[in-house]
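*Asks:* Structure, please.
(one chain, ligands or ions: 2)
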Amino acid sequence: MINSAASLLRRGAARRTVQSTGAVSAASTTKKASVQHSFFRSMNSASTIVEDDDSDYGFGKSVPDNKIPEEFIEEGEETIGEWTGCTRKFLAPLSVSQSGSEILNNPLFNKFTAFKSGERDRLHFRGLLPPRRVNMKIQKERVLQEIRAEPSMIRKHIILEDVHDRNETLYHRILVDHMVEMAPIIYTPTVGQACKEFAMRYRRPRGMYFCEEDRGHMAAMVYNWPEKDVHVIVVTDGSRILGLGDLGCNGMGIPIGKLSLYCAAGGIAPHRVLPVVIDVGTDNEELLNDKFYLGVQKPRLQGSKYYHLVDEFIQAVRHRWPNVLIQFEDFSSDKAQKLLNKYRDDILCFNDDIQGTGATTLAGVLGALRAKGELPTSLADQRILIAGAGSAGIGVAQVLYQAMLEHGRSEEEAKNCFFIADEKGLLGTERLDQLSPEQAMFARDTDGGLSLNEIVNKHKPTMILGMTAVGGLFSEKLIRDMGKHCERPIIFPLSNPTIKAECSAEQAFEWTDGKCIFASGSPFDPVQLKDGRTFYPTQCNNMFVFPGIGLGVTLCGAKTVTDRMLYVAAEALANYLTEDELSQGKVFPDLSTIRDVSKKVAIAVIEEAIRTGQASRLDEKALADLDAFVQKKMYDPVYVPLIEKKA
Ligand SMILES: O=C([O-])CC(=O)C(=O)O
Ligand SMILES: [Mg+2]
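*Replies:* Numbers count the residues shown, from 1 in each chain. Ligands and ions are numbered 1, 2, ... in the order given. Predicted coordinates for the structure are as follows:
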């Protein structure tokens, strides 16, 4: 044992020399990156995680027969069962081409104080850490204590993101084990504030930025990203961050938050995700004049310049990672729909605000109808009022429309079920010239311009869905009138973050005397009415579907994300609800089950892909045991033994 450690140590010393030479030459050639394509490819691969092509989807591979090589077992250590706070069996050691303080500064490998003494020797950092070794359980407890002692949500966010920057395994373990508590901290609503204050809080680089200056360089720039195996990119141009509007490059918080959920909720390993901002400038006056702002301080690019820039980015990332899933996020409505139309049939991509929100809302509606005891026949009988005709509003309408066709309605009948209003009132055919083709499809021949109140009283909708980003838009009268015309109205204020919700959970339950079925985009606490009854609002957020869709399409090698995939994802989510949850008025599962939900969504998407010949990596044989297959591929944040890569 001592001998093998010593020989490993010697090999490491030689290797380190080679690497530091590489690092110096890399720094001095950065400027020539655009012409040094292949150089960067090989240089960067030196710091990537080394694995076989058919390797496990997770961070490490299970050891065959659970037999760990002897040199990795420390005296008195159990070789099966709980290990550093986790209940997973031993994982095969991971070869890394870094050592010493490089490892301690690499959040993918860093384990803080949990490095065992053998590892501290093998990787050459004995003496660089305090002597006591603690396991992940203790580390987690310490971080939780710090977070819970801190009253401010944004400070909780900072504590957690600090862990993210230093130790991704621990960060994701905390998210996986405490999703209900952590989601509002790393995601909506707190991520909204984190974006607003992005420049002031900027600490360490994470993700990539592409701007006009980079035109002509992007194909080379993508090789600056140190990981060779990216599966999922979330990209924004910062033009419509949640309901907060144009935040420019500060919008980076959104791709980061979404990808944390991809890892923790969707089981994609953290080295396989890449957050991106395409910085085309900003039209936000405040940011244009803010001396601390970190983005391009010019008005937004428009027209062909904008689309060419986005296109160069898409071609560049697909050149390096041909199978990557690109998730468009928080683009302003006009751009969002155009980009989706341009790329959806050719590349693996989807728009989360249009399609993810659509699928999630459909699941919520199906759940609500189950709760009312009205499924399966009644979806086609709904009268649906959508407040907000932007990308999310229209996206939801499109997915619900598809579902109505599936439930036996003709196209004309299905269209007639929708009442979509923007700030000028009900979309009507008299203003077709001002509407996008997607909006125009839902414009009504009569009653154009009616207000929300007028629509409710004349057409008696069974549900009202808020996607306006206008906080408090649903007035008491509006909600009370919904309750007058409908025994149990479905009320979903879906705008984010919480301050942009069209009404609160308390208002909805109070104004309908507890009869409504409620879900919101951002979370609300349980509500107790004056008569003592308690109601549990659930969250209708696209986090219930996008991680599972991403997991499914990347695992099976889908070529595109189809409408049917979104539909089956929604169905899988709706079917996840238990009778017990439904009887409590819940229309979405508990957030604590999100990993299992994502697995079910992924399975549904893979089945659909295989059935329709879309799955390039799986065939019918895989259908026999998809559950076990997907489960095995899901990243589980545990510490993996590290070993230096042989020279
Ligand atoms: O991020 C969220 O919570 C949901 C979403 O995509 C948005 O509001 O844009
Ligand atoms: Mg969004």
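*Asks:* quick one: the residue nearest the centre of the chain from residue 438, how far?
*Replies:* Taking CA atoms, centre = their mean, the centroid of the chain lies closest to residue 258, which sits 2.9 Å from it. As for residue 258, its distance to residue 438 is 23 Å (criterion: CB to CB, to the nearest Å). For every residue, glycine as well, the C-beta is placed using N, CA and C.
*Asks:* Residue 267 too?
*Replies:* Counting by CB to CB, the gap from residue 267 to residue 438 is 33 Å.
*Asks:* the more surrounded of those two?
*Replies:* Neighbour count, other CB atoms under 10 Å: between residue 267 and residue 438, residue 267 has more, with 28 against 18.
*Asks:* what about the more buried one, distance to residue 238?
*Replies:* 28 Å.
*Asks:* average pLDDT for stretch 342-353?
*Replies:* Mean pLDDT, stretch 342-353: 97.
*Asks:* buried residues in it?
*Replies:* Buried positions in stretch 342-353, judged by neighbour count with 16 or more other CB atoms under 10 Å: 343-344, 347-353.
*Asks:* For residue 337, state which of these is nearest.
*Replies:* Lowest distance from residue 337 to the buried residues of stretch 342-353 (CB to CB) belongs to residue 351, with 7.8 Å.
*Asks:* how about the residues of the chain that lie near ligand 1?
*Replies:* 188, 242, 330, 352-353, 496, 521, 541-542 (CB under 6 Å from any ligand atom).
*Asks:* and these, which two are the farthest apart?
*Replies:* Maximum distance among those (CB to CB): 13.8 Å, for 330 and 541.
*Asks:* any idea whether residue 132 is helix, strand or coil?
*Replies:* coil (DSSP: H, G, I helix; E, B strand; the rest coil).
*Asks:* Can we start the residue count at 274 from this point?
*Replies:* OK, 274 is where the count begins now, so the last one is residue 405.
*Asks:* What is the burial count for it?
*Replies:* If we define neighbours as other CB under 10 Å, then residue 405 has 7 of them.
*Asks:* Contacts only, for it.
*Replies:* residue 386 (CB atoms under 8 Å, 6 or more residues apart in numbering).
*Asks:* what's the pLDDT at it?
*Replies:* In this model, residue 405 carries a pLDDT of 88.
*Asks:* Could you report the separation of it from residue 411?
*Replies:* Separation of residue 405 from residue 411 (CB to CB) stands at 10 Å.
*Asks:* Can you name the residues in contact with stretch 562-577?
*Replies:* With CB under 8 Å, 6+ apart as the criterion, stretch 562-577 contacts 471-473, 475, 484-485, 511-512, 519, 521-523, 550, 552-556, 560-561, 579, 582.
*Asks:* Surely residue 532 touches residue 503?
*Replies:* No: judged on CB atoms under 8 Å, residue 532 makes no contact with residue 503 at a distance of 10.6 Å.
*Asks:* near ligand 2, which residues of the stretch 574-723 of the chain?
*Replies:* 602-603, 626 (CB under 5 Å from the ion).
*Asks:* Can I get those residues in JSON lines including secondary structure?
*Replies:* Below are those laid out as JSON lines (three-state DSSP):
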{"residue": "602", "secondary structure": "coil"}
{"residue": "603", "secondary structure": "coil"}
{"residue": "626", "secondary structure": "helix"}
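*Asks:* Tabulate these in CSV, adding columns for distance to residue 725.
*Replies:* Listed next are those as CSV, based on distance: CB to CB, whole Å:
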residue, distance to residue 725
602, 28
603, 25
626, 22
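*Asks:* So which of the residues you listed is the closest to residue 724?
*Replies:* residue 626 (25.2 Å).
*Asks:* surely that closest one meets residue 609?
*Replies:* Yes: the pair residue 626 and residue 609 passes the contact test of CB under 8 Å, sitting 6.3 Å apart.
*Asks:* Let me know the average pLDDT across stretch 748-757.
*Replies:* 97.
*Asks:* any idea of the mean pLDDT for stretch 528-535?
*Replies:* Mean predicted lDDT for stretch 528-535 stands at 98.
*Asks:* Are that stretch and ligand 2 in contact anywhere?
*Replies:* No: remark: stretch 528-535 sits outside contact range of ligand 2, by CB under 5 Å from the ion, the gap being at least 7.6 Å.
*Asks:* List the residues that contact the closest residue to residue 876 other than its chain neighbours.
*Replies:* Nearest residue to residue 876 in three dimensions, chain neighbours excluded: residue 899, at 4.9 Å (CB to CB, 6 or more residues apart in numbering). By CB under 8 Å, 6+ apart, the contact list for residue 899 reads 876, 879-880.
*Asks:* ok so residue 899 is a helix residue?
*Replies:* Yes: assessed by three-state DSSP, residue 899 belongs to a helix.
*Asks:* on that earlier part again, just to check, the residue nearest to the centre of the chain is in contact with residue 507?
*Replies:* Yes: under the criterion of CB under 8 Å, residue 531 makes contact with residue 507 at 4.7 Å.
*Asks:* Let me have the residues of the chain next to ligand 1 in JSON lines, adding secondary structure as columns.
*Replies:* Below are the residues of the chain next to ligand 1 laid out as JSON lines (three-state DSSP):
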{"residue": "461", "secondary structure": "coil"}
{"residue": "515", "secondary structure": "coil"}
{"residue": "603", "secondary structure": "coil"}
{"residue": "625", "secondary structure": "helix"}
{"residue": "626", "secondary structure": "helix"}
{"residue": "769", "secondary structure": "coil"}
{"residue": "794", "secondary structure": "coil"}
{"residue": "814", "secondary structure": "coil"}
{"residue": "815", "secondary structure": "helix"}
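*Asks:* What's the mean pLDDT across whichever strand in the chain runs longest?
*Replies:* What stands out as the longest strand in the chain, according to DSSP state E, is strand 546-552. The average pLDDT for strand 546-552 rounds to 98.
*Asks:* Can you pull the poorly scored residue ranges out of the stretch 324-473 of the chain?
*Replies:* 324-365 (pLDDT under 70).
*Asks:* Next, count neighbours for residue 498.
*Replies:* By other CB under 10 Å, 18 other residues sit near residue 498.
*Asks:* That one reaches residue 548, doesn't it?
*Replies:* No: Residue 498 is not in contact with residue 548 according to CB under 8 Å; the separation is 10.7 Å.
*Asks:* Find residues that contact each of the two.
*Replies:* Common neighbours of residue 498 and residue 548 (CB under 8 Å, 6+ apart) are residue 481.
*Asks:* tally of neighbours for residue 647?
*Replies:* As a burial measure, residue 647 scores 15 neighbours (other CB under 10 Å).
*Asks:* For it, which three-state class applies?
*Replies:* Residue 647 - assigned by three-state DSSP - is coil.
*Asks:* Mind giving me the packing neighbours of the strand or helix carrying residue 728?
*Replies:* Assigned by DSSP states H and E, residue 728 belongs to helix 725-732. When contacts are defined as 3 or more CB pairs under 8 Å, 6 or more residues apart in numbering; DSSP states H and E, helix 725-732 packs onto strand 657-660, strand 691-695, helix 749-758.
*Asks:* export stretch 516-523 as PDB, just CAs?
*Replies:* In PDB, the C-alpha atoms belonging to stretch 516-523 read as follows (Å, rounded to 0.1, in the frame of the first residue of the first chain):
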ATOM      1  CA  GLY A 516     -41.200  39.100 -15.500                       C
ATOM      2  CA  LEU A 517     -38.500  41.600 -14.800                       C
ATOM      3  CA  GLY A 518     -37.800  42.700 -18.300                       C
ATOM      4  CA  ASP A 519     -34.500  43.500 -20.000                       C
ATOM      5  CA  LEU A 520     -31.700  42.800 -17.600                       C
ATOM      6  CA  GLY A 521     -29.000  42.400 -20.300                       C
ATOM      7  CA  CYS A 522     -26.000  40.400 -19.400                       C
ATOM      8  CA  ASN A 523     -27.200  40.300 -15.800                       C
END
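*Asks:* Would you mind pulling the contact partners of it?
*Replies:* The contact list for stretch 516-523 (CB under 8 Å, 6+ apart) reads 465, 468-469, 471-472, 482, 511-514, 550, 552, 554-557, 560, 566-569, 573, 605, 742-744, 768-770, 773.
*Asks:* Could you dump the buried residues of stretch 615-626 into TSV with secondary structure added?
*Replies:* Converted to TSV, the buried residues of stretch 615-626 look like this (three-state DSSP):
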residue	secondary structure
616	helix
617	coil
620	coil
621	coil
622	strand
623	strand
624	strand
625	helix
626	helix
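*Asks:* Many thanks, we can stop here.
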